[in-house]
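In: Would you be able to build a 3D model of this:
(one chain, ligands or ions: 2)
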Amino acid sequence: MSFVEKFEERKQKLKNHILTLSDLEPSDFTLLLDRAAELKARHKKGIMDRTLIGKSLGLIFNKPSTRTRISFEAAAIQLGATPIFISAADTQMSRNEPVADTARVLSRYLDGIAFRTFSQELIEDFAAASDIPIINALTDKFHPCQVLSDLLTVVEHKGGYEGLKIAWIGDGNNMAHSWINAAAALGFTLTLACPKGYHPDREVLAKAREKNSAISVTTDPMRAARDADVINTDVWASMGQEDEQAQRREAFQAYQVNALLMGVARKDAIVMHCLPAHRGEEITADVLEGPRSVVWDQAENKLHMHKTILDVLLKGNP
Ligand code: CP
Ligand code: NVA
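Out: Residues are numbered from 1 along each chain as shown. Ligands and ions are numbered 1, 2, ... in the order given. As a prediction, the model looks like this:
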């Protein structure tokens, strides 16, 4: 069977929405990563893949965004689709129109929606009432598309994810949860170092550990970083947690990715951060700007992965 046939066969199996990575099979990850690498290579050669001509992508955003919004918009345009940015505050959802009514109406206009909001339950309710693919562009609980594109960056720099030790330093937040789900499906070792009181969600962790016992949480950042191939971090206070900033700054003091921490990782370890970064808080400027940092590749790969997600989910969508 040719790559294209295998790709089409696997694509049929991918569920309509991407709401959390725990919905994806290992073969879905392979499908998305292979296709993203292919679309990226074609893009670099100047080949245009206009697979979504005439389609429309809605982007409903309840929180700020630089990378996710603009890379999804550029992805849609590059594939021939039209992005329509919808500030949630300007819709009737802000005046309590039921989520299910909004989803049913927008399903009649659009071919897919990338949705960034607070509540995971809300996006799941929205998807349940929708006839078109819904893509989670970040909720308080998960950031699945970010971790998909980050996996592409890991594959590019490490040749794959099998056998790797990936460390997470900092908050047990939406990014941590999506890394936990990815580790459950893909089997790599994931060690998270989080301060007491900021550990990942128990249920997310327990479900993932049923599939992969090499997922663990410690309060010791050095233990997580020791011999790691990948060191990953994120902001100490996520969007929506602005009121907790001072208290979090205190709790996370020891959870900084700096030269000392990098000293216990493998010599060829890479450093990842989904951005935006706060230099001097979760990561020092020298590490962020240093030779082991792959953060700009990460940011670029959001474009290629988002193109892939749109290509896979929206193509053939009636
Ligand atoms: N990494 C990420 O999701 O960035 P934005 O908030 O800018 O979209
Ligand atoms: N955890 C961060 C990720 C930003 C891309 C947040 O939710 O704000």
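In: wait, what's in contact with T91?
Out: 60, 97, 102 (CB atoms under 8 Å, 6 or more residues apart in numbering). C-beta coordinates here come from the backbone N, C-alpha and C atoms, glycine included.
In: how near is it to A100?
Out: Taking CB to CB, to the nearest Å as the measure, T91 falls 14 Å from A100.
In: just the contacts of T91 now: which is nearest Q241?
Out: I60 (21.3 Å; CB to CB).
In: which helices and strands sit right next to the one helix or strand the closest one maps to?
Out: Using DSSP states H and E, I60 maps to strand 56-61. Here strand 56-61 touches helix 67-78, strand 82-87, strand 112-116, going by 3 or more CB pairs under 8 Å, 6 or more residues apart in numbering; DSSP states H and E.
In: where does the stretch 201-318 of the chain have low pLDDT?
Out: 317-318 (pLDDT under 70).
In: Close to ligand 2: what parts of it are there?
Out: Residues of the stretch 201-318 of the chain lying close to ligand 2 by CB under 6 Å from any ligand atom are 234-235, 238-239, 274.
In: residues contacting T219?
Out: With CB under 8 Å, 6+ apart, T219 has these contacts: 193-196.
In: filter the residues you listed by proximity to ligand 2?
Out: Answer for the contacts of T219 near ligand 2: none qualify (CB under 6 Å from any ligand atom).
In: could you flag which of these are buried?
Out: Neighbour-count burial (16 or more other CB atoms under 10 Å) applied to these gives 193-195.
In: was I right about T218 contacting L192?
Out: Yes. If you go by CB atoms under 8 Å, T218 and L192 touch, sitting 7.3 Å apart.
In: all strands for the stretch 201-318 of the chain, in order.
Out: 215-218, 230-233, 270-273 (DSSP state E, counting those that start in this stretch).
In: Let's have those strands in JSON lines, adding mean neighbour count.
Out: Formatted as JSON lines, the strands of the stretch 201-318 of the chain follow (neighbours: other CB atoms under 10 Å):
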{"stretch": "strand 215-218", "mean neighbour count": "18"}
{"stretch": "strand 230-233", "mean neighbour count": "27"}
{"stretch": "strand 270-273", "mean neighbour count": "24"}
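In: rewinding a little: just the contacts of T219: which are in helices?
Out: Judged by DSSP state H, the contacts of T219 include no members of helices.
In: Name the residue of the stretch 151-300 of the chain that lies nearest to ligand 1.
Out: Of all residues in the stretch 151-300 of the chain, C274 sits closest to ligand 1, at 3.9 Å by CB to the nearest ligand atom.
In: residues in contact with that residue?
Out: Here C274 is in contact with 143, 146, 150, 175, 234, 298 (criterion: CB under 8 Å, 6+ apart).
In: at 10 Å what do you get?
Out: Contacts for C274 (CB atoms under 10 Å, 6 or more residues apart in numbering) come out as 67-68, 138, 143, 146-147, 149-150, 174-175, 178, 232-235, 295, 298-299, 302.
In: And M48, by the same measure?
Out: Going by CB under 10 Å, 6+ apart, M48 touches 42, 78-80.
In: Export the residues you listed to CSV and append columns for neighbour count and distance to ligand 2.
Out: Shown next, in CSV, are the contacts of M48 (neighbours: other CB atoms under 10 Å; distance: CB to the nearest ligand atom, whole Å):
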residue, neighbour count, distance to ligand 2
R42, 14, 27
Q78, 20, 22
L79, 23, 23
G80, 14, 28
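In: Output these in a markdown table; the columns should cover distance to L33 and pLDDT.
Out: Below are those laid out as a markdown table (distance: CB to CB, whole Å; pLDDT from 0 to 100):
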| residue | distance to L33 | pLDDT |
| --- | --- | --- |
| R42 | 15 | 97 |
| Q78 | 19 | 98 |
| L79 | 18 | 97 |
| G80 | 23 | 97 |
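In: would you turn those residues into a markdown table with distance to ligand 1?
Out: Shown next, in a markdown table, are the contacts of M48 (distance: CB to the nearest ligand atom, whole Å):
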| residue | distance to ligand 1 |
| --- | --- |
| R42 | 24 |
| Q78 | 18 |
| L79 | 19 |
| G80 | 23 |
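In: Farthest pair within those?
Out: Of all pairs in the contacts of M48, the most separated under CB to CB is R42 and G80 at 14.1 Å.
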